[in-house]
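Novice: build me a structure from this.
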Amino acid sequence: MLIDTRGLSCPQPVLMVYPHLSGSDPIDVLVDNATSQENVSRAARRNGWNIEAKEEGDGIVRLELRK
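Specialist: The predicted structure follows:
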């Protein structure tokens with residue numbers, strides 16, 4: 001699943017991702033600011049997810065969330 005949160009400020013990215021954290025399917029989240037990256041990562045970690053951040057270029061980071 002890909003969730004595109006580019007252009008959004010917190011708490012919107014976390015609110016978009018949070019409902020999917022109860023599952024176990026891989027989730028990729030696109031973020032374009034450090035605050036969203038940190039907040040989405042924190043929410044995922046608290047729910048038992050592993051996070052890998054990959055630079056996509058132009059200030060965009062892909063957060064790969066895996067159980």
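Novice: from residue 41, how far off is the residue nearest the centre of the chain?
Specialist: Most central residue of the chain, judged by C-alpha distance to the mean C-alpha position with C-alpha atoms, centre = their mean, is residue 29 at 4.0 Å. Counting by C-beta to C-beta, to the nearest Å, the gap from residue 29 to residue 41 is 9 Å. For every residue, glycine as well, the C-beta is placed using N, CA and C.
Novice: quick check: neighbours shared by those two?
Specialist: Here residue 29 and residue 41 have residue 63 as joint contacts, going by C-beta atoms under 8 Å, 6 or more residues apart in numbering.
Novice: quick one, strands of this protein?
Specialist: If DSSP state E is used as the criterion, the strands of the chain fall at 2-4, 27-31, 50-57, 60-66.
Novice: winner for burial among the ones you listed?
Specialist: Across these, the average number of neighbours (mean count of other C-beta atoms under 10 Å) peaks for strand 27-31, which reaches a mean of 22.
Novice: and the longest helix for this structure?
Specialist: Using DSSP state H to assign secondary structure, the helix with the most residues in the chain is helix 34-46.
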